[in-house]
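J.: coords please:
(one chain, ligands or ions: 1)
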Amino acid sequence: MFLYSKHVRQEETENLVRFIIAAAGDGAAVDLSEKIHLLAYDIVTRASVGTTTKDRVKVMHITRRLSNFGAGFNAADLYPSVKVLPFLTGIQFKIEKMHREMDGMFQGIIAEARAAKSDDGFEDLLGILLKCQAEGSEMAITDDGIKAVMLDMFLAGSETTAAVIEWAMSEMLKNPLTLKKAQEEVRQVFDKTGRVDEERIHELKYLPLAIKETLRIHPPLPFMMPRLNSSKCTLNGYEIPTNTRLIVHAWALGRDPKYWPDAEQFIPERFQGSAIDYRGNDFQYLPFGSGRRLCPGMNFGAANADLALATLLYHFDWEMPRGLRNQDLDMTEDFAITVRRKNPLALVPTLKRPLNVGK
Ligand code: HEM
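T.: Below you'll find the model as predicted:
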């Protein structure tokens, strides 16, 4: 899937450039947040189910509602033994409604994929699952199982990727020296061919630092997956009984001044020559989690963010809308399972490099 997603990623980022070119020109600001989110959904959807669905905007909104809904703690979580609470708080009803909506859409996607079944190689995830289902395997694959995997991909894959791209652009705009540095490097590398693609992306050294720094200050999932401890233990003097639900706060770790000097500042250079990376072994920096629940989409998500950011910086100069200074850029976070910007990122693009497809 990762290899298959390469051309999907390329096509979708180029579509984004086309859209921005069409929207730019008269000094008008573009709602970059919306486009970044559609980009992430389209890449994840095409890699998962082969095509973008006609309901893409609807799926995107339901996913966001699910994310908003799952944020924070609710009474039912605090008193899991009181079985009636989910009904009293209305949570059960809302979950069931969203479930019905999503289920109908996913069943439609599965039916379309079955009808379009061909022998041209099942390269997307849904195709592979349907093939295994048809061939029969030791563990039966049901339609419900397939729908659960699809939901996982949409929920876990698209909002997170979009958040990284959106926050990286926001931080670089707010810190124009970092923007300049990243942009100069991107243009130096890709001017050789006039096209941003993955053949040369490994030549970038500064943009990956900026992405790492973004993941430190804005881990898209501020809380890792809940864990249950299998035996009693003591943490910071607190006794934790067996089977307690524990949640690691990745956001707080990334901003802890004990580990990070000038923790609130966006300084990509802090990762230069540093061995700290996001693969889950450095416990002060866990944007993709750690251990057996480590994000399985880490490489896919990082590749999507790398290409999208390199493309945005290569083709366009970016400015704040008239009357606003870079340092005034609003950075308020929206509280949901995935933390994204509260207000859309509206920026003025100026085309600097045309789109050279197929060079
Ligand atoms: C760059 C963007 C991404 C970030 C920052 C991110 C971050 C995370 C984090 C923090 C977790 C929880 C890990 C833990 O608790 O140890 C997670 C889980 C997960 N992620 Fe990602 N993720 C990203 C992209 C993706 C993508 C693109 C996919 C797939 C298309 C994906 C699929 C998943 C799944 C399925 C899980 C649940 C794993 C489990 O249940 O054990 N993620 N992700």
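J.: so the residue lying closest to residue 356 once chain neighbours are set aside versus residue 23, what's the distance?
T.: Nearest residue to residue 356 in three dimensions, chain neighbours excluded: residue 194, at 4.2 Å (Cβ to Cβ, 6 or more residues apart in numbering). Every C-beta, even on glycine, is put in place using the N, C-alpha and C of the backbone. In this view, residue 194 and residue 23 are 22 Å apart by Cβ to Cβ, to the nearest Å.
J.: before we move on, which element is the residue nearest to residue 356 in?
T.: Using DSSP states H and E, residue 194 falls within no helix or strand.
J.: what is the burial count for the residue lying closest to residue 178 once chain neighbours are set aside?
T.: Counting by Cβ to Cβ, 6+ apart, residue 172 is the residue found nearest to residue 178 once chain neighbours are left out, at 5.1 Å. Per other Cβ atoms under 10 Å, the neighbour tally for residue 172 reads 27.
J.: same check on residue 134?
T.: Neighbour tally, residue 134, other Cβ under 10 Å: 11.
J.: just the pLDDT for it.
T.: pLDDT recorded at residue 134 is 85.
J.: quick one: contacts of the helix or strand where it lies?
T.: Residue 134 belongs to helix 125-135 when assigned by DSSP H and E. With Cβ atoms under 8 Å, 6 or more residues apart in numbering as the test, helix 125-135 has contacts from 1, 47-50, 109-110, 113-114, 117, 122, 141-142, 146, 149-150, 153.
J.: report the buried members of those.
T.: The neighbour-count test (16 or more other Cβ atoms under 10 Å) marks 47, 48, 49, 50, 109, 110, 113, 122, 141, 146, 150, 153 as buried among those.
J.: so which residues on the stretch 251-359 of the chain come close to the ligand?
T.: Counting by Cβ under 6 Å from any ligand atom, the stretch 251-359 of the chain comes close to the ligand at 287-291, 293-297, 300-302, 305.
J.: ok, 8 Å please
T.: By the rule Cβ under 8 Å from any ligand atom, the part of the stretch 251-359 of the chain lying against the ligand is 280, 286-298, 300-302, 304-305.
J.: make a PyMOL selection of the buried ones in those.
T.: Of these, the buried ones go into a single PyMOL selection, burial set by 16+ other Cβ under 10 Å:
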select buried, resi 280+286+287+288+289+290+294+295+297+300+301+302+304+305
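J.: these two touch, right, the residue nearest to residue 178 and residue 211?
T.: No - using Cβ atoms under 8 Å, residue 172 is not in contact with residue 211; the gap is 10.2 Å.
J.: where do the helices of the stretch 51-200 of the chain begin and end?
T.: Remark: helices assigned in the stretch 51-200 of the chain by DSSP state H, counting those that start in this stretch are 56-69, 75-78, 85-88, 91-115, 125-135, 143-153, 159-174, 176-190.
J.: any chance of those helices in CSV, plus distance to the ligand?
T.: Below are those laid out as CSV (distance: least, Cβ to the nearest ligand atom, whole Å):
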stretch, distance to the ligand
helix 56-69, 12
helix 75-78, 17
helix 85-88, 22
helix 91-115, 15
helix 125-135, 9
helix 143-153, 4
helix 159-174, 4
helix 176-190, 18
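J.: hey, which helix or strand in the protein has the poorest pLDDT?
T.: Using mean pLDDT, DSSP states H and E, the weakest-scoring helix or strand in the chain turns out to be helix 75-78, at a mean of 57.
J.: how about the helices in the stretch 201-350 of the chain?
T.: In the stretch 201-350 of the chain, the helices defined using DSSP H, counting those that start in this stretch lie at 206-217, 250-254, 298-315.
J.: kindly reformat those as a markdown table containing distance to residue 223 and mean pLDDT.
T.: Shown next, in a markdown table, are the helices of the stretch 201-350 of the chain (distance: least, Cβ to Cβ, whole Å; pLDDT from 0 to 100):
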| stretch | distance to residue 223 | mean pLDDT |
| --- | --- | --- |
| helix 206-217 | 15 | 98 |
| helix 250-254 | 7 | 97 |
| helix 298-315 | 17 | 97 |
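J.: dump those helices to JSON lines, plus distance to residue 39.
T.: Converted to JSON lines, those look like this (distance: least, Cβ to Cβ, whole Å):
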{"stretch": "helix 206-217", "distance to residue 39": "16"}
{"stretch": "helix 250-254", "distance to residue 39": "24"}
{"stretch": "helix 298-315", "distance to residue 39": "6"}
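J.: among the ones you listed, which is nearest residue 352?
T.: helix 298-315 (6.5 Å; Cβ to Cβ).
J.: for residue 294, which non-adjacent residue is closest in space?
T.: residue 280 (4.7 Å).
J.: the one you found contacts residue 296, doesn't it?
T.: No - in this structure residue 280 lies outside contact range of residue 296 using Cβ under 8 Å: 11.7 Å.
J.: could you check the pLDDT of whichever residue of the stretch 1-150 of the chain sits closest to the ligand?
T.: Nearest to the ligand in the stretch 1-150 of the chain, going by Cβ to the nearest ligand atom, is residue 44, at a distance of 5.3 Å. For residue 44, the pLDDT comes out at 88.
J.: report how many residues lie close to it.
T.: Residues near residue 44, counting by other Cβ under 10 Å, number 30.
J.: what strand or helix carries it?
T.: Using DSSP H and E, residue 44 sits in helix 32-49.
J.: any buried residues in that helix, and which?
T.: If you call a residue buried by 16+ other Cβ under 10 Å, then helix 32-49 has these buried ones: 32-33, 35-49.
J.: same check, this time on stretch 128-137
T.: Buried residues in stretch 128-137, counted by 16+ other Cβ under 10 Å: 129, 130, 133.
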